[in-house]
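Student: can't give you the sequence, but here's the structure:
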């Protein structure tokens, strides 16, 4: 199950945009080693380099180009301790389910199971504690699972802005009103994604399903896990302190990096000052950092003092896009506080989140056997 | 004072971005005829074509290229019935004041006098009735003026969104809360304006002074003119129904056309439905249309039903940019209603507004002598 | 066959990019009237407005939105005197052939018949005299045709640069060496065409098949029509004065307008000076102008003196894109002369060419009956 | 003179675009240590972080932000073994001359001394042997210099394409005809450089002075150094095999990376095949590599087999932009061979070239004392 003391992992949807990003990140990972790549039947059987239309600005990692692409069947991935899914939504539902049934641990970037009441929706710098639902997910499966499960990460536009929100709720208590207007990068739509004729010299003030995702996912992520009298756990959707979220989503001619303008109102009065908000954001230290996840950023939230930052072109690659940037923290004339968030949608907004989620699960013993992890960590 | 029955007009700042736009529009105007062009001393004395760095996508109008540029001194423009100012803010203060003192009617795109308590700030599809302050502006001048005055139009990002707001207040009563997030075109910054290195593949979440302008100007424009016991008129800044406005301004890589995401709450309960809002917007008919201003758009507000419109590249040139487009009218989870507005910042957001303001003033007799106007209109 | 004295025309591929452009132009045409719109079976039977994804910056012309889209079958177009084809290459071959066989006059923007030895490849400002091959095309058809034929126009990147080449050959005799490097707009690839991820902040130094098209089409267009001893006409491919053409094609992030850098060597020595070249270009008057084609530009070639022109954004819409712009005429250190050409690929590079070709054919009596044309022209 | 065994270096024009790039590269350099930063008098005396408008996508290197900026006077840099100049041309002439006179070794990116008959113009992957002119430059100075000299690197658009040309001349003998059409990135114009209004959705087919630079610099770089009967060395400008170069330069909306289409003819017949050219390019190993310059790329020229590469967005950062990419090697219908070159204008096209030149000079003993170099190399 190990290769030189490292943990074997697989990637589903390996030729796609998110899959390529998984491969870049995993090829340099201290614990994980790429063991199996899965893609559509028309790619299966080919060398990866012949199956992929590589669109990264770094070259295909050594050794990966000659790996033979497999079909996305659990039998092909049974040696993998962890499987990362960058599958498109139309394929992810069935395949991820089959993998889980085959007792494989799936960390998925797809949207299919985000609303499942037993699947955690985890932004690793916010709510990895939601992994606590996993035993229930396994026990309710028929037949019950020992190792298999699905963990999803959030939509790219949700991920970026819930990180500062989590920091603020931790410091100042519940938020009750939230308005967010996004300016999202084209890479968020995959490849080929947006036609150049639709976005050059243009803004498209609509992204299908995106506003609903933000408004719903925010509640699941920022909410807690409660346990009923029957011992059944469920996601409370921020119900103890009802939160109303209104999102307006726009596509802009930016390659990578979602910029989001956020206004919010806290439940507690008086609300914190902009300076208190800045300090709470800058000092936010998620458990994933404390615990030592190797892909977690050193600074979860970078707070900018310059009036015109963050900007996607200048700030999106800081810490390889694993943290987020916040700037322009100031009073809102209508709610309490407003600010700008920038998150790299292809890093923390996608593959990086899945990987940190997996690291966290490894460190918490949710994945694998203790000894293996220790070996991997020791070898890293 | 006339040329073939038309009204002689001048342009200040004629070589600048707004000045060029004034020239394009005025060269085709049915009533007005370009009589004098003013620019900085280093341009004065040159032929216009030798002084200007022409950046319009249409050619310099016939005859204009050979006009001799004058200095921006009132004595050079005394034959002009109307003077349009596209001056930069650092020059506009003194020059416009001198022109007014010389009893010239100035319609200015500059920001300098927008906050003056006796100068109307007019978006022509919203509040041309504020011209009623002009007699007071003239009488309080020392010495009192007969014909001279200054009328300003609003900042480009304010202009776009107050038009639908005015339509909504007319239909549904006062708005009490407003959040607006703008995505503004580069042409709003003039030429050379924004460095390409700052905006390509980027969003800049800050425009100096812009948020303050929107938040303040909205109150002056949407508010009324009240008369005190002493007979002195003043702008009430929407005081009868206090309105709180919160703006977040962004620069995006779009050449022309500001896109703005608006959320708002009405004072009256229950608020109108999205469909009622759509109907009120589509049927809005400003006085400038009713009165017959030739540069007013046929449709002040175009309401889009398609989910992904308006878009700047596709919609900004409709009606030569004299109207605005609204789309995505829907409920807001936090306030009442949200929608997207698109306005062409170089047309209704700048020169076109000044020209319609002047047309309105002509039709209302605020400028010129009745007979001249009738002749101009008859000849048009 | 007429509608208010105008000539009925049809458009094939009416929902596509080129088809939309045909519709915009034909809806304003003084002679032609849109009578039938053809598209794929899945669009047929729908109203045009429900079948099309309209991507023009002007609105759908009045009346067109409610036209019922037909299948691309000749029986549906039999009332049309002229059929314009904006079909994709994979459909154009069979459909255009069927229409010709049904004795319909087809003016096609598709590439399929450009290399046919009996089909003229016409750039209307260059070689409309190649229409002389039509009687042969008709007589060689089985059975012989009375009115049906196919005329093609050239690839968008060829069209732009052969216009100044034709002017130069007319003035200074044959060109023998030609190097052209193109910087082509994204609209040349149709919709959705190029993914935004492939072209934003990028140059793609390759367009499949494009260099071969330029190198071959240039010879057919600039060459003559010769008649053999057997009375059979053929295209001589510039054979009397062999011409070697080398093209390098690039896609750049420009929406409309192909910019091309040309270097050339004349056969005759000494070659003309840059000033002589400029004068020859500026004074070039194609037959389509002289004859009075209503869509021909007033200036076939605009010669720029400014050192930094033409530029696509500023110059592509001059004369509605029906002419071309040339600038930077200067000596080449390797060949004789070099210059820059700009042509609007969606206008003179596509639909406008087809329409002028048809106008020319009408005026020459190649299409229709003399009386009808006179009526149409008289009514225009 | 050393800091921890490293060689102290200074940067002139440290707050400018090229200066910032020098600082990023030098802060990670194995031999060199940043010791002094010079900028204009208005920046002098400030902390670097307060003087600079940092526009790099990486953060200011640790320690640099607090360095105090100095005036560009030789007395402030006397501890520096090497001074890199990123000065603007209007300042570089006098300042670099003063530094040389003060016996400092200057490696300049400015254009001022490129045409000086005693100053070498060095592209480090092509002609570092031209350093042989340095003793003459020193001895002809009045008074003669011991250590001071000026070495320039080439214009960014020249640098990119002379590297493959050098490889080809080495393999196949002299080139006699060259046509190059460039598509240059906006960063080549510095900051603020090009207005976004001039380049978005546009191509500007002109860059002032650029074509002349390419045409002249190519001859100096690819030519040899000859010694007259009087022992005086001079640059032969490729005179033994006259070379004619014709350049057409364009600015395109690309942030970094110049793409150039090259056609050329060799003097020797028959010319090599495209495959032979590909092999010669791929196997080219410049002396800077062999000698062990730490900033030299591992692959001087990457040859692409894919038909649509190189592309600036995908290929410009390979090897940190220190090498160049060549693709589309094929026959030219007019000359012999044509291909596409991509070079990162801010790396090998600017600061990286200066630094490799300095490394080469260090290794060749042109700079510094043997022992110091050995220490630096040993410590690296």
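Tutor: Structure received. Please read all numbers here as calculations on a predicted model, not as lab measurements.

Student: use CA for all of it now, contacts and neighbours both
Tutor: Noted.

Student: Close to chain B: what parts of chain A are there?
Tutor: A:177-179, A:181, A:200-207, A:244-246, A:248, A:252-255, A:259, A:261, A:307-313, A:332-334, A:340 (C-alpha under 8 Å from any C-alpha of the partner chain).

Student: Of these, which belong to strands?
Tutor: Using DSSP state E, the members of these that fall in strands are A:177, A:178, A:179, A:181, A:244, A:245, A:246, A:248, A:259, A:261, A:340.

Student: how about these, which pair is most distant?
Tutor: Based on C-alpha to C-alpha, the longest span within these runs between A:244 and A:259 and measures 20.8 Å.

Student: more crowded one of the two?
Tutor: Set side by side, residue A:244 and residue A:259 show more neighbours around residue A:259, with 34 against 20, by other C-alpha atoms under 10 Å in any protein chain shown.

Student: Now the more buried one: closest residue in space, sequence neighbours ignored.
Tutor: Leaving aside its sequence neighbours, residue A:259 sits nearest to residue A:342 (C-alpha to C-alpha, 6 or more residues apart in numbering or on different chains; 4.5 Å).

Student: Please, which helix or strand holds that neighbour?
Tutor: strand A:337-343 (DSSP states H and E).

Student: just to revisit the earlier point, which of the ones in strands among the residues of chain A next to chain B count as buried?
Tutor: A:177, A:178, A:179, A:181, A:244, A:245, A:246, A:248, A:259, A:261, A:340 (16 or more other C-alpha atoms under 10 Å in any protein chain shown).

Student: Looking at these, which is nearest chain D?
Tutor: Of all these, chain D sits closest to residue A:259, with 16.4 Å by C-alpha to the nearest C-alpha.

Student: so who does the residue nearest to residue A:259 touch?
Tutor: A:160-161, A:257-260, A:310-312, A:315-316, A:324-326 (C-alpha atoms under 8 Å, 6 or more residues apart in numbering or on different chains).

Student: What average pLDDT does stretch A:85-102 get?
Tutor: Taken as a whole, stretch A:85-102 has a mean pLDDT of 97.

Student: brain fart, stretch A:44-56
Tutor: The predicted model gives stretch A:44-56 an average pLDDT of 96.

Student: swap in stretch A:266-279?
Tutor: When pLDDT is averaged along stretch A:266-279, the result is 98.

Student: Close to chain C: what parts of the stretch 51-200 of chain A are there?
Tutor: Within the stretch 51-200 of chain A, the positions adjacent to chain C are A:186, A:187, A:191, A:192, A:193, A:194, A:195, A:196, A:197, A:199, A:200 by C-alpha under 8 Å from any C-alpha.

Student: Would you list the buried entries among the residues you listed?
Tutor: In those, burial by neighbour count holds for A:186, A:187, A:191, A:192, A:194, A:195, A:196, A:197, A:199, A:200, counting by 16+ other C-alpha under 10 Å.

Student: Tell me the buried residues in stretch A:288-299?
Tutor: Buried-residue list, stretch A:288-299, by 16+ other C-alpha under 10 Å: A:288, A:289, A:293, A:294, A:295, A:296, A:297, A:299.

Student: meant to ask about stretch A:305-325
Tutor: By neighbour count with 16+ other C-alpha under 10 Å, stretch A:305-325 contains the buried residues A:308-319, A:321-325.

Student: do the same with stretch A:112-124
Tutor: Residues of stretch A:112-124 classed as buried: A:112, A:113, A:114, A:118, A:119, A:120, A:121, A:122, A:123, A:124 (neighbour count, 16+ other C-alpha under 10 Å).

Student: Do you know the pLDDT at whichever residue of the stretch 151-300 of chain A sits closest to chain D?
Tutor: Of all residues in the stretch 151-300 of chain A, residue A:201 sits closest to chain D, at 7.1 Å by C-alpha to the nearest C-alpha. In this model, residue A:201 is scored at 98, pLDDT.

Student: In the stretch 1-150 of chain A, what residue spans correspond to helices?
Tutor: A:17-26, A:48-51, A:89-101, A:134-140 (DSSP state H, counting those that start in this stretch).

Student: Run the chain-centre distance for the strand holding residue A:342.
Tutor: Computed by C-alpha atoms, centre = their mean, to the nearest Å, the chain-centroid distance of strand A:337-343 equals 18 Å.

Student: now stretch A:319-328
Tutor: 14 Å.

Student: what is the rounded mean pLDDT of that stretch?
Tutor: Mean predicted lDDT for stretch A:319-328 stands at 97.
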